[in-house]
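**Student:** The following comprises the amino acid sequence and a computationally predicted model.
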Amino acid sequence: MFKLIGFVLLAGIASAQTRLYISPMEGSLDGFIAAEIIKQHIPVKVVISESDADLILVGKSIKADDKWYQVAFRTAKDKNEGNLRMIDPRTKTMVWAGEAGDRSLMYNMYRRGGQRKVAERLVKRMKDEYFRNAVLERTPTASGYHLAKP
């Protein structure tokens, strides 16, 4: 009996996921973001139409050039940087923003870098800062449910 109730509750949570649209981004960061959202099990459903979305993710990726003196004097900085903004299209407000780089302080040559690392860090921050407690805080909308930030 309790297993059946638990299954029904979990099915209700899964069907009430927030719909997220990932807009095309400068530097092609959107493909890496979509992969990381699936990989890190973010509780959203990614949609392909902006009109169907409860939240819209916009951002940009920047690739910096490496100078010889940055390597020689060990003043290297992030080679790739990215930022994301999550926008609620109903209220036209920004509900979350984050930025990250790909620099690793230790074992630089053994760790992955580039846009994949930037996307991994951005999605992890989004998960920790926006979605961590929001699964329990759901508010009904005309088109389903929307996560409400506590």
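**Tutor:** It's in.
**Student:** For Lys79, see how far away the closest residue to Ser23 other than its chain neighbours is.
**Tutor:** Excluding the flanking residues, the one nearest Ser23 by CB to CB, 6 or more residues apart in numbering is Val58, at 4.8 Å. Every C-beta, even on glycine, is put in place using the N, C-alpha and C of the backbone. Distance, Val58 to Lys79, using CB to CB, to the nearest Å: 22 Å.
**Student:** next one: Arg125
**Tutor:** For Arg125, the distance to Lys79 - CB to CB - is 19 Å.
**Student:** for Leu122, same thing?
**Tutor:** From Leu122 to Lys79 the distance is 16 Å (CB to CB).
**Student:** Helix or strand next in line after the helix-or-strand element of the chain with minimal mean pLDDT, which one?
**Tutor:** Here the helix or strand of the chain ranked lowest by mean pLDDT, DSSP states H and E is helix 2-15, holding a mean of 40. Beyond helix 2-15 on the C-terminal side, the first helix or strand identified by DSSP states H and E is strand 18-22.
**Student:** which residue ranges form the strands in the protein?
**Tutor:** With DSSP state E, the ranges of strands along the chain come out as 18-22, 44-47, 55-63, 80-88, 93-101, 138-141, 144-147.
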